[in-house]
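Peer 1: got a predicted model here, sequence first, then my questions.
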Amino acid sequence: MTAVTPNPQSVVPAFCEGIQYFSESLPGFETHGKTAAIAPGKTAIVDPTDPAAAYQTLLTADALRYLILQVTASKASGHPGGFASQAEAYAALVMLGYKNIITEVGHHAPGFYSAMFLDRSLEDMGIDTVQQLRDRFREKHGLLGHLSGFIPGILAPAGPLGQGQHFAMSAALLHRDKLFPFTVGDGGLGEPYIVSSMAHFHTAYPTVTNFLPVLVWNGFSQEHHSMVSTKTNEEMLAYWRGNGFEEVVLIDAKDYDDQNQPGAYVDGTAFSFDRRLEFTQAVLVAVDKAAQSALGGKLTVLIIKQLKGAGVHARGAKSHNLYAQHTLDNSEIVSALKARALTPAAWNLVRTNCERANGGPASKTVVTESVLPLADLAKLPLEEFAVGGDAKVSTTAMGRLVGAVGAIDPTFVVTNADGNEASGIANINQALKIIHPVEDALYNQAPSGQVYEPLSEDACAGLAAGLALMGGRSLWCSYESFAINGLPIWQTVTQAMAELRRPTPSTVTLFTAGALEQGRNGWTHQRPEVEAYFAGMMRNGNVFPLFPPDANSIQVCYEWALTTQNKGIVITSSKSPLPIRTTFEQTRQGLKDGAIVLHESQNAGKKVVFAVVGDLILLPVLEAAAQLEAQGLAVRVVSVINPRRLYRAHDVAWDICSEADGEFLDDAQFEALFGGDALIGVTGGASGMLEPIMLRSTANRDTFCWKRGETTASAGELMAVNGITAQGMVDRSLKLVE
C-alpha cells in the first residue's frame, strides 16, 4: 500500500484531524470492508470465523498501532512497543464485545487511550479529534503517562507491575456475568505474586472464573530480553497448567510467518497480507475460545506470542520507549506511520465497530462507570462501654461490628494473612467464616465464607482494595509490621480514588499495632515505621489514618469509615485489653476536630501538653502526667485520633480529590487543644504522624517516637529501648518549661 497526505480533506472524517498519513487504498477493503462487522443494534460480531470479521479486526489492530505511534511521537515520549505486540488480541476482544479490559502494564497506556478514543469514550473529557488526543497526551488534566481512573472508560489504574490481576479478580467477584480480561506482560510475569494470587483466588472461589489473563509474550521486558523469553511453547503451557489453569490457549505468530524471520518471536505485521489475515483470524478464534472458556467455568489463560514492537518504529526492547529523537519528523516514526496508514473509509469503519461493541463507548458501558448498588447497613450495633470500667480489647470490639456488616452485605469481604485470631479478631472468623474448600467448624472454615486468607499481604491488600475500587465494601486486616508488603497496591488504589469520576466505598484497613505488644518476637514483628508511609500519604488529600484510644473509640472510627467514599481509611489499634477512656461522642468530636482532650489538670503552674498518637502508648504518658502534676505543673493530655484534620488546608491536596474533604481544625481550636508552655508529641510509631501538630505549634516542643525494634520481655521494656518512658518525658518536660 502507499501512504500519502489526503487530498481532498473533505473525504476525511472530522475525528481524523491530526492524522498525518492516510493510505490511498487497502487490499481487500472492497470485499471485506463494505459493511461493519458489528451490525447496527448489535454488541459484537456474530461469527469469529467470518473473514470480514477477521479483516476488520486487522484494521482495528493497525488503527491502534497507528494512533499509539502518532500520539506518543507527538510528545517524543511514551511506550508503544508492548501494546503493539498484542494489538490483534485487544482488537479481537473489542470485536467480540468485551470492553471491561484491565491491564497490569502501565506502559500499555497509549494503547488503552487509543482504544478509548476509537470508541468515543474520550469525548467525555473533550477529546474529539486525533489532534486533541495528541495535544493532551502526557499533559495535566489530560492523558497521564500511566493509566488512571480519571480517564473515561478505564476500569483501573496501572503503574507498578503485578497489580492488574487483583482488579480483574475483584471485578469478576462482584460481576459474575461479565468477562474481565487483563493483559500481563513478559516483565510482569516475573513478579512473584501474579500467578500465586490467582491460584489462591481460584481455590477460594472455584466458580468465579470470569477473569481472563492475557499474557503478552513478546520476548522482551523494558530494557532487555524478558526472563521468560527462553521458555519453549511447551514449557509455557506446562507452567500455566501446573498452576491450575484448566484451559491454556496459545496463539503463536511464528506459525503464520512467511518471511523467514529469525528467532522464536516474530512480527506479524511483516507477513504477507494473506498471512496477516490468517493470523488475525486465528487470534479472533482463540480469543473467542478463551473468553467462552472463562465464562463457562474454567480457569483460563490466553497467550499471544508476537515480537515486541510489532508494527511500530522498532522491535524488541528498543520499541519500549520513545526518546527525544523520536519526533514526528524522525525517519523511523514516519516510516512506521506510513506503513500502518488506513484510508479515511477504513477509519470510519473501525470507529463504527468500536463504538457499537459492548453496546456503546466504554465510558458508558463498563462496570466502573456506574455506582454498584450495595446493601443498606442501616444502624450498626455499637456497644458503648463505661468509661473507667473493665479493660477491653479494641480490635475485638471492632470485630463484632465487622461481623454485622458481613451479615448484612453478602458482597463484603475481609482479607487477612491468616492472623485474625492472633490480632484479637477471632470473632470475625467466627461470624463470617474463612473461605476454604475444607469445611471445619473448629477453625471456622467454610467454602461460602467471607474471610479471604492468603498468606500474601499483596494478595490481601489487592483483593480488598480492588473490591473497594470496583464499588464493593471490604476490610484488609494485618499486623502493622507486615502490612508494608501490601501497601503498594493499596497506595495505587487510594491515589486512583482521589481521581475517580464516581463515588465508591473507601478502602478500609485494620492494622494491629503489634510492635509494642510483640516484644518477645523481636524486630521481625516490630515495624511501626510503616506509619511514616501513611503520614506521607496524608498530604495526598484522601488518606485518613485513625488512632482510636480504646474499644469505644474504634467502633465509632469504623462506623465513620463505612460512611466515607473514595478515601483510604487506616485504623491502627492494639490487641491488648486497655482501659476505656472515651465516650462515643468524644470520638465523633475527635474525628471532626482531629483530637480530643483526655486529661486536663487543674494546677495553675506552667502547662505541659502531650499530643499522643496511639492507645498503648498512653500508659507512660499518663504516668508522666501524674508525676508532673505532683510537681505543681499543669498537664493536658490530648489523644490524636484523626491527624489529617490537624494539617492546615494548604498543606494537603484535598481540593483536587474526588469526593473532596476540606475539613481542618482552625487556628483558634488548634491553640485550645495544643497551646501551652511546652508540647511533647508521643507516638509508638514513626514521628511523621506528629508532623501536622509540630508544623503548627509555636511552643517549645519535642517528640518521643519509635526508633528501632528489639527483643524484650514486655511492652514497657521495648518502649524504654526507644526512650519512651514516663521518666524521660518528665525530664524533657521540665527542661522545656524552664
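Peer 2: Arrived safely, thanks for sending. Numbers count the residues shown, from 1 in each chain.

Peer 1: hey, where'd the helices end up in the stretch 201-350 of the chain?
Peer 2: Under the criterion DSSP state H, counting those that start in this stretch, helices of the stretch 201-350 of the chain are mapped to 233-242, 273-295, 331-340, 344-356.

Peer 1: helices or strands next to the longest one in the packing?
Peer 2: The elements that helix 273-295 packs onto, with contact taken as 3 or more CB pairs under 8 Å, 6 or more residues apart in numbering; DSSP states H and E, are helix 51-75, helix 87-95, strand 211-217, strand 247-252, strand 300-305. C-beta coordinates here come from the backbone N, C-alpha and C atoms, glycine included.

Peer 1: need those in TSV with distance to L122 and mean pLDDT, can you?
Peer 2: Converted to TSV, the helices and strands packed on helix 273-295 look like this (distance: least, CB to CB, whole Å; pLDDT from 0 to 100):
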stretch	distance to L122	mean pLDDT
helix 51-75	11	97
helix 87-95	15	98
strand 211-217	23	97
strand 247-252	29	98
strand 300-305	25	98
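
Peer 1: winner for burial among those?
Peer 2: Highest mean neighbour count among the helices and strands packed on helix 273-295 (mean count of other CB atoms under 10 Å): helix 87-95, with a mean of 30.

Peer 1: parallel or antiparallel, which strands does the helix or strand that that one is followed by pair with?
Peer 2: Downstream of helix 87-95, the first helix or strand assigned by DSSP states H and E is strand 102-103. Sheet pairing for strand 102-103, assigned by DSSP bridges, gives strand 180-185 (parallel).

Peer 1: quick one, the strand it pairs with and helix 87-95 angle?
Peer 2: With axes from the mean of the first three to the mean of the last three CA atoms, to 10 degrees applied, the angle from strand 180-185 to helix 87-95 works out at 170 degrees.

Peer 1: got the CA coordinates for strand 180-185 in CSV?
Peer 2: The C-alpha coordinates for strand 180-185 follow below in CSV (Å, rounded to 0.1, in the frame of the first residue of the first chain):
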residue,chain,number,x,y,z
PHE,A,180,-12.7,-9.2,32.7
PRO,A,181,-9.7,-9.8,30.6
PHE,A,182,-6.4,-8.2,31.8
THR,A,183,-3.1,-8.0,30.0
VAL,A,184,0.1,-9.3,31.6
GLY,A,185,3.5,-8.5,30.1
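
Peer 1: hmm, back to that, how about the helices of the stretch 201-350 of the chain, which one is nearest A397?
Peer 2: With CB to CB, the closest approach to A397 among these belongs to helix 273-295: 41.8 Å.

Peer 1: as CSV, could you dump the C-alpha coordinates of that closest one?
Peer 2: Provided in CSV are the C-alpha atoms of helix 273-295 (Å, rounded to 0.1, in the frame of the first residue of the first chain):
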residue,chain,number,x,y,z
PHE,A,273,-1.3,-9.6,3.6
ASP,A,274,-3.0,-13.0,3.3
ARG,A,275,-0.9,-14.4,6.1
ARG,A,276,-1.7,-11.4,8.2
LEU,A,277,-5.3,-12.0,7.7
GLU,A,278,-4.9,-15.7,8.5
PHE,A,279,-3.1,-14.9,11.7
THR,A,280,-5.7,-12.3,12.8
GLN,A,281,-8.5,-14.9,12.1
ALA,A,282,-6.7,-17.4,14.3
VAL,A,283,-6.3,-14.7,17.1
LEU,A,284,-10.0,-13.9,16.8
VAL,A,285,-11.0,-17.6,17.1
ALA,A,286,-8.5,-18.1,20.0
VAL,A,287,-9.8,-15.1,21.9
ASP,A,288,-13.4,-16.3,21.5
LYS,A,289,-12.4,-19.8,22.7
ALA,A,290,-10.7,-18.4,25.8
ALA,A,291,-13.5,-16.0,26.6
GLN,A,292,-16.1,-18.7,26.4
SER,A,293,-14.0,-21.0,28.5
ALA,A,294,-13.5,-18.4,31.2
LEU,A,295,-17.2,-17.5,31.2
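
Peer 1: quick check: Y452 touching D418?
Peer 2: No - counting by CB atoms under 8 Å, Y452 does not reach D418; the two are 10.5 Å apart.

Peer 1: work out for me the element the residue nearest the centre of the chain sits within.
Peer 2: Nearest to the mean C-alpha position of the chain, by CA atoms, centre = their mean, lies V493 at 3.1 Å. In this assignment (DSSP H and E), V493 forms part of helix 487-499.

Peer 1: show me what that helix is packed against.
Peer 2: Secondary-structure packing of helix 487-499 (3+ CB pairs under 8 Å, 6+ apart): helix 457-469, strand 507-512, helix 530-537, strand 568-573.

Peer 1: who does the last one pair up with?
Peer 2: The one in question is strand 568-573. Its sheet considered, strand 568-573 pairs with strand 507-512 (parallel), strand 543-546 (parallel) by DSSP bridges.

Peer 1: and the contacts of it?
Peer 2: For strand 568-573, contacts defined as CB atoms under 8 Å, 6 or more residues apart in numbering pick out 394-395, 398, 480, 490, 493-494, 497, 506-513, 531, 534, 537, 542-548, 554, 557-558, 561, 614-615, 685.

Peer 1: shaky segments in the stretch 1-150 of the chain?
Peer 2: For the stretch 1-150 of the chain, the stretches flagged by pLDDT under 70 are 1-10.

Peer 1: now do the same contact list for the closest residue to E332 other than its chain neighbours.
Peer 2: Counting by CB to CB, 6 or more residues apart in numbering, E332 lies nearest to H313, which is 4.4 Å off, once chain neighbours are set aside. Shown in contact with H313 (CB under 8 Å, 6+ apart): L69, A73, P80, S319, L322, H326, N330, E332, I333, S335, A336.

Peer 1: surely the fourth one and Q306 touch.
Peer 2: No - using CB under 8 Å, S319 is not in contact with Q306, being 11.9 Å away.

Peer 1: between the two, point out the one with more neighbours.
Peer 2: More crowded of S319 and Q306, by other CB atoms under 10 Å: Q306, with 29 against 24.

Peer 1: which residues touch the residue nearest to that one when sequence neighbours are not counted?
Peer 2: Once flanking residues are discounted, Q306 sits nearest to A253: 4.1 Å by CB to CB, 6+ apart. For A253, the contact set (CB under 8 Å, 6+ apart) comprises Y265, V266, D267, G268, F279, I304, K305, Q306, L307, A310.

Peer 1: separation between the fourth one and T524?
Peer 2: I take that to be G268. Counting by CB to CB, to the nearest Å, the gap from G268 to T524 is 50 Å.

Peer 1: quick check: domain ranges of the protein?
Peer 2: Following automatic domain parsing, the chain resolves into domains at 3-369, 392-737.

Peer 1: and of those, who's closest to A386?
Peer 2: A386 sits nearest to domain 392-737 of all the domains of the chain, at 6.5 Å, using CB to CB.

Peer 1: coming back round to it: now the helices and strands packed on helix 273-295 in CSV, with distance to S601?
Peer 2: Shown next, in CSV, are those (distance: least, CB to CB, whole Å):
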stretch, distance to S601
helix 51-75, 63
helix 87-95, 68
strand 211-217, 59
strand 247-252, 71
strand 300-305, 66
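
Peer 1: which of the ones you listed sits closest to D390?
Peer 2: strand 211-217 (47.5 Å).

Peer 1: partner strands of the closest one and their direction?
Peer 2: Counting by DSSP bridges, strand 211-217 is paired with strand 180-185 (parallel), strand 300-305 (parallel).

Peer 1: can you tell me which of those is nearest to F245?
Peer 2: For the strands paired with strand 211-217, the distance to F245 is smallest for strand 300-305, at 5.0 Å, taking CB to CB.

Peer 1: secondary structure class for V387?
Peer 2: Classification of V387 by DSSP: H, G, I helix; E, B strand; the rest coil places it in coil.

Peer 1: can you report how many residues lie near it?
Peer 2: By other CB under 10 Å, 13 other residues sit near V387.

Peer 1: mind checking how far the closest residue to E663 other than its chain neighbours is from L546?
Peer 2: Leaving out its chain neighbours, the residue that sits closest to E663 by CB to CB, 6+ apart is R645, at 6.3 Å. According to CB to CB, R645 and L546 sit 10 Å apart.

Peer 1: no further questions, thank you.
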